[in-house]
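S.K.: here you go, sequence then predicted model.
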Amino acid sequence: MATNRTFTMLKPDAVEKGHIGAILEKISASGFRIVAMKLTQMTKNDAETFYAIHNQRPFFGELVEYMTRGPIVAAILEKDNAVEDFRTLIGATNPADAAEGTIRKLFAASISENAVHGSDSDENAAIEGAFHFSGREMF
Ligand code: IDP
Ligand code: MG
């Protein structure tokens, strides 16, 4: 069943560069309501679990290192067609391929350090949101 929620992380590079405010402004201006949000830092075990689907990829070690090196902003967002519309807002994985005006085009440095995460399905949005938030942290 389709839901109207997605999960995002403003990744360590975006936080380090001071882009939290600008990215949240774009998210709000695009019609997403913040259901849950916090500044947090993933442990190695967290990142290996969150990205387990990629654990055979050559970039897995680099991905875990990157995602654990500093704090992230984790958030659950609500909007009609949230998963698909948020993937459109963030743009392609590689910022070189991302459309003009997308968050990755504006704020990402490379395919590995690409500023923001967006869930790829309703099922993963629910799993990823529950990974970071308890029910009493969702509003
Ligand atoms: P997505 O974030 O657009 O859904 P995925 O293919 O799910 O992209 O990859 C997860 C994350 O792994 C990416 O956002 C990026 O940080 C990293 N990544 C993906 N492909 C590469 C690569 O070829 N080299 C280095 N890092 C990569
Ligand atoms: Mg993905």
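M.R.: Right, received. Where do you want to start? Ligands and ions are numbered 1, 2, ... in the order given.
S.K.: for residue 119, which non-adjacent residue is spatially closest?
M.R.: Counting by C-beta to C-beta, 6 or more residues apart in numbering, residue 119 lies nearest to residue 125, which is 3.8 Å off, once chain neighbours are set aside. Where C-beta positions appear, they are placed from N, C-alpha and C, glycine not excepted.
S.K.: what helix or strand is that neighbour on?
M.R.: helix 122-132 (DSSP states H and E).
S.K.: go through that helix and flag the buried ones.
M.R.: 122, 124-126, 128-129, 132 (16 or more other C-beta atoms under 10 Å).
S.K.: just flag the most distant two among those.
M.R.: Maximum pairwise distance among these (C-beta to C-beta): 16.6 Å, between 122 and 132.
S.K.: ok, the residue nearest to residue 119 - contacts?
M.R.: Applying C-beta atoms under 8 Å, 6 or more residues apart in numbering, we find residue 125 in contact with 3, 5-7, 76, 82-83, 119.
S.K.: same thing but 10 Å
M.R.: 3-8, 76-77, 82-83, 86, 118-119 (C-beta atoms under 10 Å, 6 or more residues apart in numbering).
S.K.: element containing the residue positioned nearest the centre of the chain, please.
M.R.: Closest to where the C-alpha atoms of the chain average out (C-alpha atoms, centre = their mean) is residue 117, at 2.2 Å. Here residue 117, judged by DSSP H and E, is contained in strand 116-118.
S.K.: what packs against that strand?
M.R.: strand 5-10, helix 20-29, strand 72-78, helix 82-90, helix 103-107, helix 122-132 (3 or more C-beta pairs under 10 Å, 6 or more residues apart in numbering; DSSP states H and E).
S.K.: what's the most buried one of the ones you listed?
M.R.: strand 5-10 (a mean of 26; mean count of other C-beta atoms under 10 Å).
S.K.: got the angle for that one vs strand 72-78?
M.R.: Between strand 5-10 and strand 72-78, the angle comes out at 160 degrees (axes from the mean of the first three to the mean of the last three C-alpha atoms, to 10 degrees).
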